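this is the structure alone, sequence omitted:
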């Protein structure tokens, strides 16, 4: 099967990194093609930037369907343009937030989201209500690292994400951790290992992989 991954920003470095991550997680019979936007924001960290991304996201979704792609993943935890994209085409269109939240609900009694900035809390709250998981959310923890700085110091990122995740388990009663930004995908295993070393053996969910695996299942 062929799955198109849309990175809803114009930052070319994100496109290359996303493509590598999806190819590494895909099944042997899955072909990944990854595209960025021609017009849109450098990153998505607020409602305004999400709105800027949606028009070209929809253009890319329509192009994917016309090219015979089997499914589309819009690789951002805001799930920008998801409902409109599903109206536009007949192939599956998957958002990482919806996929990872519902996976967390199946794996755990309550889950916490570890995200990048304080202002994400209200944005995530809307998504929790939209996807019907409010009662399953233990907390939202933030690490205060902007999207464009996530790949500048991996050791620091692992340390702060692991600490926030541990506090979510220890203090908030989380039974699973979901990353609140797809740009955090590269530290999943390291964070899970750091948690296990502290005695917290809980699922750590990479939203990009959750979206990819759901897309593969929907195509099947």
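On my side now, so go ahead. Quantities reported herein were computed from a predicted structural model and do not represent experimental measurements.

ok, then the element right after whatever helix or strand residue 53 lives in?
Following DSSP states H and E, one finds residue 53 within helix 47-66. Moving toward the C-terminus from helix 47-66, the next helix or strand (DSSP H and E) is strand 71-74.

next SSE downstream of that next one?
Assigned by DSSP H and E, the successor of strand 71-74 is helix 82-88.

where's the helix or strand hosting residue 101 relative to the chain centroid, distance-wise?
Using DSSP H and E, residue 101 sits within helix 96-107. With Cα atoms, centre = their mean, to the nearest Å as the basis, helix 96-107 stands 10 Å off its chain's centre.

identify each buried residue in it, please.
By 16 or more other Cβ atoms under 10 Å, the buried positions in helix 96-107 come out as 96, 97, 98, 99, 100, 101, 102, 103, 104, 105. Every C-beta, even on glycine, is put in place using the N, C-alpha and C of the backbone.

try stretch 175-195
175-188, 190-192, 194-195.

for that stretch, measure first residue to last.
Stretch 175-195 stretches 12 Å from its first residue to its last (Cα to Cα, to the nearest Å).

go through the buried residues of stretch 175-195 and flag which are in helices.
Among these, the ones falling in helices (DSSP state H) are 188, 190, 191, 192, 194, 195.

what's the closest of those residues to residue 6?
Using Cβ to Cβ, residue 188 comes nearest to residue 6 of these, at 21.2 Å.

against which helices or strands is the helix holding residue 53 packed?
strand 2-6, strand 71-74, helix 82-88 (3 or more Cβ pairs under 8 Å, 6 or more residues apart in numbering; DSSP states H and E).

now with 6 Å, please.
Judged by 3 or more Cβ pairs under 6 Å, 6 or more residues apart in numbering; DSSP states H and E, the packing partners of helix 47-66 are strand 2-6, helix 82-88.

many thanks, we can stop here.
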